[in-house]
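J.: Pasting a predicted model and its sequence here:
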Amino acid sequence: MEQSATLDIETLKITQEHYILASQSLHLPRPGSEGAGCEGAGCEGAGPGVVFGWWKRGLYFFLLLLLVTMIVNLALTVWIIKVMNFSMDGMGSLKLNQDGIRVEGKSEFLSPLYVNEIQSRGEGVLVLKSEKNVTLNARNDQGQLTGQLTVGPEAVEVQCQRLEVRSSEGGRLLFTAEEEEVVMTTEKFTVTGSEGAVFGHSVETPLILAKSTEDLKLESPTRTLTMEAPRGVEVSAAQGSLQIGGRKDLQLESTEGEILLDASTIQLGNLPLGTFSKSTSQAAHEQSVYEVCVCPSGKVYLSPAQSGSTCQIMNNICLWS
């Protein structure tokens, strides 16, 4: 009895489900009247069809927009290739080859440029221009700055451990500058300024020579002018006169050798006259020949010449020197 009752209940459920499905199939809209004339509660079954229609229209619009975007991008790409002159060798004036990059015409770099070598064509020149300055840096493997060349509007600055200037033919060294020493290896160093050359400290050179048509002048306006050499100092004038003057003392000193004044005429002007009993005016009036005397201190003076030397007699100059 219990089994038969269970079967009747299951049969009743199956019959009820068939009835519900049959009733829903009767309320489906017709193909030609989708969503037409529905108002209020009777339009609940037409919602999915309306949503599907707008979704399909949006999909078609999106595909159309995507197609237009692709066409515009393709047109812009073709225009850029045409304007920039892209080719298999490079872009416009920029050519790529096995040795590197070749640029024809003017090029502007807005960021730092890192290259191993920059050179111009054989028949042209390489010109670097900048609104402010042009700076060339050299770095080591660790990225540390080892050398810098800056060409600015006011000066050209070089920062390096050693600066060398070599000749174009043979690479002969002409000029060397270091922190402690500057060396000129040229055969001749010429100064053409009207004021000559000014040195704040000592100058070491084997020869100072003026042109044949100009005078050589060594001058120290406010300090002492000293000329020293381990083997001697030679001052000569081949064609003109030689003048040595000083505001205070003029000292010629030789520690181991002699002082040689070699000339046809040697004049020592304004030497004091040594006298003992007569006045200077009387001695100058009566005496016409004098001898040159030297004091132990080195002071030179005149003494009236006689049959014998009068330097020891009339040595009042040495007493006050």
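T.: Received the coordinates, thanks.

J.: For this protein, which helix or strand comes out least confident on mean pLDDT?
T.: helix 280-286 (a mean of 52; mean pLDDT, DSSP states H and E).

J.: Regarding residue 243, what is its secondary structure?
T.: coil (DSSP: H, G, I helix; E, B strand; the rest coil).

J.: What is the neighbour count of it?
T.: Residues near residue 243, counting by other Cβ atoms under 10 Å, number 8. Just so you know, the C-beta spots here come from the backbone N, C-alpha and C atoms, and that holds for glycine as well.

J.: Model confidence at it, what's the number?
T.: Residue 243 is assigned a predicted lDDT (pLDDT) of 77.

J.: How much space separates it from residue 232?
T.: 20 Å (Cβ to Cβ, to the nearest Å).

J.: Output the below-cut-off pLDDT ranges for the protein.
T.: 1-52, 92, 275-287, 313-316, 320-321 (pLDDT under 70).

J.: at 50 what do you get?
T.: Scanning the chain for pLDDT under 50 picks out the ranges 1-5, 7, 26, 28, 30-38, 40-43, 278-280, 283.

J.: Helices along that one, start to end?
T.: 2-26, 47-84, 280-286, 316-319 (DSSP state H).

J.: From residue 252, how far off is residue 258?
T.: 11 Å.

J.: More neighbours: which of the two?
T.: More neighbours surround residue 252 than the other of residue 258 and residue 252, with 9 against 5 (other Cβ under 10 Å).

J.: can you tell me which residues contact that one?
T.: Residues counted as contacts of residue 252 (Cβ atoms under 8 Å, 6 or more residues apart in numbering) are residue 259.

J.: ok, 10 Å please
T.: Going by Cβ atoms under 10 Å, 6 or more residues apart in numbering, residue 252 touches 233, 244, 259, 261, 298.

J.: quick one: stretch 97-111 to chain centroid distance?
T.: 22 Å (Cα atoms, centre = their mean, to the nearest Å).

J.: start to end distance for it?
T.: The first and final residues of stretch 97-111 sit 23 Å from each other (Cα to Cα, to the nearest Å).

J.: from the contacts of residue 252, which single one is nearest residue 310?
T.: residue 298 (19.3 Å; Cβ to Cβ).

J.: Tell me how many other residues crowd that closest one.
T.: 10.

J.: ok, it to residue 252 distance?
T.: On the measure of Cβ to Cβ, residue 298 and residue 252 end up 9 Å apart.

J.: List the contacts of residue 227.
T.: Counted by Cβ under 10 Å, 6+ apart, residue 227 has contacts 208, 218, 233-235.

J.: Show me the two of those residues that sit farthest apart.
T.: Longest span within the contacts of residue 227, Cβ to Cβ: 218 and 234, 13.6 Å.

J.: Break down the stretch 101-250 of the chain into its strands, ranges please.
T.: Using DSSP state E, counting those that start in this stretch, the strands of the stretch 101-250 of the chain run over residues 101-103, 134-139, 145-151, 156-159, 163-166, 173-177, 182-184.

J.: want to try JSON lines for those, with distance to residue 111 and mean neighbour count as columns?
T.: Compiled in JSON lines, the strands of the stretch 101-250 of the chain are given as follows (distance: least, Cβ to Cβ, whole Å; neighbours: other Cβ atoms under 10 Å):
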{"stretch": "strand 101-103", "distance to residue 111": "16", "mean neighbour count": "12"}
{"stretch": "strand 134-139", "distance to residue 111": "13", "mean neighbour count": "12"}
{"stretch": "strand 145-151", "distance to residue 111": "18", "mean neighbour count": "14"}
{"stretch": "strand 156-159", "distance to residue 111": "23", "mean neighbour count": "12"}
{"stretch": "strand 163-166", "distance to residue 111": "29", "mean neighbour count": "13"}
{"stretch": "strand 173-177", "distance to residue 111": "32", "mean neighbour count": "14"}
{"stretch": "strand 182-184", "distance to residue 111": "37", "mean neighbour count": "11"}
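
J.: Including distance to residue 59, could those go into a markdown table?
T.: Converted to a markdown table, the strands of the stretch 101-250 of the chain look like this (distance: least, Cβ to Cβ, whole Å):
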| stretch | distance to residue 59 |
| --- | --- |
| strand 101-103 | 49 |
| strand 134-139 | 59 |
| strand 145-151 | 62 |
| strand 156-159 | 68 |
| strand 163-166 | 74 |
| strand 173-177 | 78 |
| strand 182-184 | 83 |
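
J.: If anything else comes up later, I'll come back, but that's it for now.
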